[in-house]
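Trainee: Requesting a structural model of the entry that follows:
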Amino acid sequence: MTISVTIPAYNEEKYIGDCLRSIKERTPENLLEIIVVNNASTDRTAEVAAAIPGVRVVEEKQKGLTKARQRGYLESKGDLIACIDADTRVPQGWFEILNREFARDPNLVCLSGPFRYYDLPERQGRVVRLWNWCAEHVSSMSGKVVQGGNFIVKRSALEKIGGFDTKIEFYGEDTNIAYR
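Mentor: Here you go, the predicted structure:
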């Protein structure tokens with residue numbers, strides 16, 4: 001299965017370079033494309049992203065996370081759509097895990113996991129780790145938790161549900177995808 005990585009970005013010039021370099025350093029053979037969706041940024045986000053070979057920048061002038069995610073989905077061509085945040089760094093083994101899990105279970109439609117905010121102060125980081133721990137346990141009981149900054153979904157599943165719900169501005173878009 002081919003992979004498209006889509007990254008919504010609003011004023012992320014400070015982080016987008018590290019995010020993209022982390023992907024490029026770990027590129028698997030089935031990575032088809034990396035798309036940065038510049039979501040009405042007023043800084044140099046698009047310029048920084050476009051300077052990295054193999055990255056395609058597309059514009060979404062209507063501000064909003066789900067609008068940017070939808071644009072990335074519509075612009076992408078891969079069988080799997082990997083959605084990460086612009087301030088994310090893809091860790092070693094990330095692509096191997098997603099390839100293994102989708103190959104192992106043909107009925108799997110979405111895969112998600114925790115992520116670390118490397119730029120948070122320690123106290124806030126502890127709160128996030130507690131949230132991730134809770135989300136992991138809710139997920140094991142319900143099977144319906146998606147972390148918005150780290151999920152991979154089958155294109156065919158997004159097609160069946162009509163893509164992302166662009167009426168949602170920001171909070172809850174990941175829960176909406178998990179539910180649908």
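Trainee: For the rest of this, base every contact and every neighbour count on C-alpha atoms.
Mentor: Noted.
Trainee: As a check, name the ranges of all helices in this structure.
Mentor: Across the chain, reading from the start of the chain, the helices by DSSP state H fall at 16-25, 45-50, 65-75, 94-104, 122-142, 155-161, 173-179.
Trainee: what's the most buried one of those?
Mentor: Using mean count of other C-alpha atoms under 10 Å, the stretch among the helices of the chain with the largest mean neighbour count is helix 65-75, at a mean of 23.
Trainee: Send over that helix as PDB, restricted to the C-alpha atoms.
Mentor: The C-alpha atoms that make up helix 65-75 are tabulated as PDB, following Å, rounded to 0.1, in the frame of the first residue of the first chain:
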ATOM      1  CA  LEU A  65      -7.700  22.400  10.600                       C
ATOM      2  CA  THR A  66     -10.300  20.200   9.000                       C
ATOM      3  CA  LYS A  67     -10.300  22.300   5.800                       C
ATOM      4  CA  ALA A  68      -6.500  21.800   5.600                       C
ATOM      5  CA  ARG A  69      -6.900  18.000   6.300                       C
ATOM      6  CA  GLN A  70      -9.600  17.800   3.700                       C
ATOM      7  CA  ARG A  71      -7.400  19.600   1.100                       C
ATOM      8  CA  GLY A  72      -4.500  17.200   1.900                       C
ATOM      9  CA  TYR A  73      -6.800  14.200   1.500                       C
ATOM     10  CA  LEU A  74      -8.100  15.500  -1.900                       C
ATOM     11  CA  GLU A  75      -4.600  16.300  -3.200                       C
END
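Trainee: what separates it from the chain centre, distance-wise?
Mentor: Averaging C-alpha coordinates over helix 65-75 and over its chain gives two centres that are 11 Å apart (C-alpha atoms, centre = their mean, to the nearest Å).
Trainee: And for stretch 85-97?
Mentor: Its chain's C-alpha centre lies 9 Å from the corresponding centre of stretch 85-97 when counted by C-alpha atoms, centre = their mean.
Trainee: and the gap between Gln11 and Pro121?
Mentor: No, residue 11 isn't Gln; it's Asn. Distance check for Asn11 against Pro121: by C-alpha to C-alpha, to the nearest Å, it reads 21 Å.
Trainee: higher neighbour count, those two?
Mentor: Comparing Asn11 with Pro121 by other C-alpha atoms under 10 Å, the one with more neighbours is Asn11, at 17 against 9.
Trainee: Hmm, the more buried one is touching Thr45, no?
Mentor: Yes - taking contacts as C-alpha atoms under 8 Å, Asn11 lies within contact range of Thr45: 5.8 Å.
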